[in-house]
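*Asks:* Give me the fold of what follows.
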Amino acid sequence: MGELMQSLNENQRAAVKNIGFELILGFKMGQISSALGWWLVKNYDPKTRVLNCGSHHIQITEELVNDIFGVPRGKVEIEVERARADFHEAVAEWKGQFENAPARSTPVQFKTYMQAQKVSGRIFVLNFLLFYNTLLGETTTNSSINMRFPPALCRGMKIRSFNWCEYMIRCLDRTVEAWSPNDCFLGPMPLLVVCSKCLHKFLNTH
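*Replies:* Residues are numbered from 1 along each chain as shown. Modelled structure (predicted):
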C-alpha cells in the first residue's frame, strides 16, 4: 500500500484526499510475522469485537478504526455481493478501462497496473478503493483483487457517505469466523497489528 501511495501524482493524491482517505496516503507497515498474525487472529473475538492481549483488552470500534486509518465514517452501510456481480453497472464501468476482459489480478499485479496510470478520475478512485479494500479489508482465497463491494459504488453516491470504518470491522469479523489455524488469514491484519502496537506503546509510556 505504501509503495503505491508514494508513486501517486499530485492529482491522484488530491483525488484520494477528496474522498476522505487522506491518512492512507501516509500508510506504511513492515512485514508482519506469521507468529504475531496467528496470535492476534486467535485472540480476537468477533462476537464481542474484543482483542484479548492478556492483561488488557481492546474493544474494536468504529471510532478506533477512524482514529487509526482516518477513513470516512458515513451513514450508508456498504452492501457486498456474495459473488463478483459482473453484471452490475459499477463493475461493467470498471472493466471498461481494459481493452480485454481483465483476468484476476493479484494485489502486486494491480499495483503495477495502477502505477502506470496517470488519470485521477472515477476509474482511478474505483481502482484505489479496490486495492485499499483488498489489503486493508478482505482479500480472496486465490489472492486476487476483491470484487465484492463495487456494486455499492453506483454513480452519484459519494464515497464519503459510506461507513468504511464499520465495513472494515465487518470484514474482520467475517474473516476471523471463517479462519482456520491451518489457513492464511484473509482479513484486515493491519488493524489488529496497529491496535496491539498502540497498546504496547501506551503501556511503555505509562
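*Asks:* For residue 45, which non-adjacent residue is closest in space?
*Replies:* Among residues not flanking residue 45 along the chain, residue 52 sits closest, at 7.0 Å (C-beta to C-beta, 6 or more residues apart in numbering). Every residue, glycine included, has its C-beta placed from N, CA and C.
*Asks:* Correction: the previous question concerned residue 193.
*Replies:* Nearest to residue 193 is residue 32, by C-beta to C-beta, 6+ apart, at 5.7 Å.
*Asks:* Surely the one you found touches residue 189?
*Replies:* Yes: when contacts are counted by C-beta atoms under 8 Å, residue 32 is listed as touching residue 189 (6.0 Å).
*Asks:* Spell out the secondary structure type for residue 63.
*Replies:* With DSSP: H, G, I helix; E, B strand; the rest coil as the basis, residue 63 sits in helix.
*Asks:* distance of it from residue 48?
*Replies:* To residue 48, residue 63 is 16 Å away according to C-beta to C-beta, to the nearest Å.
*Asks:* Same check on residue 38?
*Replies:* 20 Å.
*Asks:* got it, and residue 148?
*Replies:* From residue 148 to residue 48 the distance is 25 Å (C-beta to C-beta).
*Asks:* who's more crowded, these two?
*Replies:* Per other C-beta atoms under 10 Å, whichever of residue 148 and residue 48 has more neighbours is residue 148, with 20 against 11.
*Asks:* So for the closest residue to the more buried one other than its chain neighbours, what's the pLDDT?
*Replies:* Taking C-beta to C-beta, 6+ apart, and ignoring the residues beside it in sequence, residue 148 has residue 80 as its nearest neighbour in space, at 4.3 Å. Reading off the confidence values, residue 80 has pLDDT 78.
*Asks:* Helices of this protein, residue ranges please.
*Replies:* Under the criterion DSSP state H, the chain carries helices at the ranges 2-7, 10-18, 34-42, 62-69, 89-95, 107-115, 122-136, 164-178, 189-205.
*Asks:* Could you point out which of the ones you listed sits nearest residue 152?
*Replies:* Proximity to residue 152, assessed across the helices of the chain by C-beta to C-beta, is greatest for helix 89-95 (7.7 Å).
*Asks:* what about stretch 24-41, how long is it end to end?
*Replies:* 23 Å (C-alpha to C-alpha, to the nearest Å).
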